[in-house]
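In: Sequence plus the predicted model coming up.
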Amino acid sequence: MVNKTVKELAEHVGGVVVGDENLEVTGAATLSEAGPGDVSFLANLKYEKDLATTGASVVVAGEAVSATDKTLIHCKDPYYGFMQIVVLLYGHREHEKVGVSPRAGVDPTATIGDNVDIHDFVVVSHDARIGDNTRIYPNCTIGPGTTIGCDCIIYPNVTIYDGCTIGDRVTIHSGSVIGQDGFGYATHDGVHHKIPQIGGVVIEDDVEIGANCAIDRGTLGDTVIGKGCKFSNLIAIGHNTRIGPYSLLVAQVGIAGSVLVGHHCVFGGQVGVVGHIKIGDEVRIGAQAGVINDVADRQAIVGSPSMPITQAKRSLTLLKDLPDFRKKLRELDKSLRQLLKGS
């Protein structure tokens, strides 16, 4: 942690100070948890009322936020500005320099770049390639012929199967498995016969994979995770699926095989997607949605089965009235029967 003045923080993020620019900042916290010396942020105006009660000394906020008794740093994008400040104050996690541990199993045919750290009990198989400045933590397995780029971080207990390609600046968190066989079987006379999965997995640059994720290798071609994608934990990606660049997948998303996902898509928690469909660019899918059909560009969908959010809102509004509708229908049915009986 490095202490900074409000003026220094504002200069770092290109913001404008409203209040005391000489205050010293000694920490960062949320509005509800912040105390004296802390910097906090206000990115959603519905929380503006919390400015009156927060203990923070300075708040990073949008230009629309009015002056209070708190010192403000006005930014066009306060959440991004706050992120930059946290990085300045705290930095990212430091990684211990260990070199190549004598207790790691590195095949003589593997290629290891400069300044690489390979911890205890890592297995680097034959013909694997590890790029410069990459860190591989204990108990990882790097399969034959796999390539890992530069500046990657592979946390403990990650398994990367044979023939996978990992780009530069990729982070893979503990317990994830990359390149296991896809779920491919040919059923003949009631027996399921395994189809060899001869494709691979390509993870492009600047991707972060959460803990305990599983990404199937392709049956024939590759499964591809596009540049800049970010995965939360417990995500399963089926064989030959292609996720477009800069997409965000929240925990417990499951995507079946051969799905094409566009760029800058957002999948909420526990979204399920059937195989062999196309999801367009900049699509937003609400939590627990079940996606069973193609989705056009820039759609926002929710529900199971999923539907456009405007349609879903109308449907949900009607749900609360269904008991009354049922009662009225029964009364109408009874009245109609009496009329018919009278005629």
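Out: That came in fine, so what should we check first? Worth saying up front: this structure is predicted, and the values here are computed from it rather than measured. Residues are numbered from 1 along each chain as shown.

In: Report the helix or strand with the lowest average pLDDT across this structure.
Out: Across the helices and strands of the chain, mean confidence by mean pLDDT, DSSP states H and E is lowest for helix 309-319: a mean of 76.

In: Helices of the stretch 101-250 of the chain, start to end?
Out: Assigned by DSSP state H, counting those that start in this stretch, the stretch 101-250 of the chain shows no helices.

In: is it true that residue 325 lies in a helix?
Out: Yes - under DSSP: H, G, I helix; E, B strand; the rest coil, residue 325 sits within a helix.

In: okay, now it: neighbour count?
Out: Using other CB atoms under 10 Å, the number of residues around residue 325 comes to 10. Every C-beta, even on glycine, is put in place using the N, C-alpha and C of the backbone.

In: OK, contacts around it?
Out: Contacts for residue 325 (CB atoms under 8 Å, 6 or more residues apart in numbering) come out as none.

In: For residue 337, see how far away it is.
Out: Separation of residue 325 from residue 337 (CB to CB, to the nearest Å) stands at 19 Å.

In: one step back: give me the residues contacting the least confident helix or strand of the chain.
Out: With CB under 8 Å, 6+ apart as the criterion, helix 309-319 contacts 286, 300-303, 307.

In: got the buried residues for it?
Out: 309, 312 (16 or more other CB atoms under 10 Å).

In: chain center to it: distance?
Out: Its chain's C-alpha centre and that of helix 309-319 lie 28 Å apart, by CA atoms, centre = their mean, to the nearest Å.

In: Output that helix as CSV - backbone C-alpha positions only.
Out: This file holds the C-alpha atoms of helix 309-319, laid out as CSV (Å, rounded to 0.1, in the frame of the first residue of the first chain):
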residue,chain,number,x,y,z
ILE,A,309,-36.4,-8.7,-22.0
THR,A,310,-39.3,-6.4,-23.0
GLN,A,311,-41.5,-9.4,-23.8
ALA,A,312,-40.4,-11.2,-20.6
LYS,A,313,-41.4,-8.1,-18.5
ARG,A,314,-44.9,-8.2,-20.0
SER,A,315,-45.2,-11.9,-19.4
LEU,A,316,-44.1,-11.6,-15.8
THR,A,317,-46.5,-8.7,-15.2
LEU,A,318,-49.3,-11.0,-16.3
LEU,A,319,-48.3,-13.9,-14.0
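
In: On the three-state scheme, residue 8 is what?
Out: From three-state DSSP, the assignment for residue 8 is helix.

In: Identify the structural domains in this structure and state their residue ranges.
Out: 4-90, 105-310, 311-342 (automatic domain parsing).

In: Out of those domains, flag the one nearest residue 98.
Out: domain 105-310 (4.9 Å; CB to CB).

In: Check the separation of the first and last residues in that closest one.
Out: Distance across domain 105-310, first residue to last, is 56 Å (CA to CA, to the nearest Å).

In: Please renumber the chain so that the first residue is 23 from this point on.
Out: Let's use 23 as the start, then, which means that last one is domain 127-332.

In: In the stretch 73-222 of the chain, where is pLDDT below threshold?
Out: Applying pLDDT under 70 to the stretch 73-222 of the chain flags the ranges 89.

In: For residue 281, which residues are in contact?
Out: If you count contacts by CB under 8 Å, 6+ apart, residue 281 has them with 260, 263-264, 295-301.

In: Leaving out the residues flanking it, which one is nearest to it?
Out: residue 263 (4.5 Å; CB to CB, 6 or more residues apart in numbering).

In: Would you agree that neighbour is in contact with residue 271?
Out: No - counting by CB atoms under 8 Å, residue 263 does not reach residue 271; the two are 11.3 Å apart.

In: Of the two, give the one with the bigger neighbour count.
Out: residue 271 (27 against 24).

In: show me what contacts the more buried one?
Out: Counted by CB under 8 Å, 6+ apart, residue 271 has contacts 251-254, 257, 265, 289, 293.

In: So what does the residue nearest to residue 144 when sequence neighbours are not counted look like in phi/psi?
Out: Counting by CB to CB, 6+ apart, the nearest residue to residue 144 once its immediate chain neighbours are dropped is residue 126, at 4.4 Å. Dihedral angles of residue 126 (phi, psi; degrees, to the nearest 10) stand at phi -90, psi 150.

In: What of residue 81?
Out: phi -130, psi 130.

In: Could you give the bridge partners of it?
Out: Taking DSSP bridges, one finds residue 62, residue 94 as the beta-bridge partners of residue 81.

In: surely it meets residue 65?
Out: No - applying CB under 8 Å as the test, residue 81 and residue 65 come out as separate, 10.4 Å apart.
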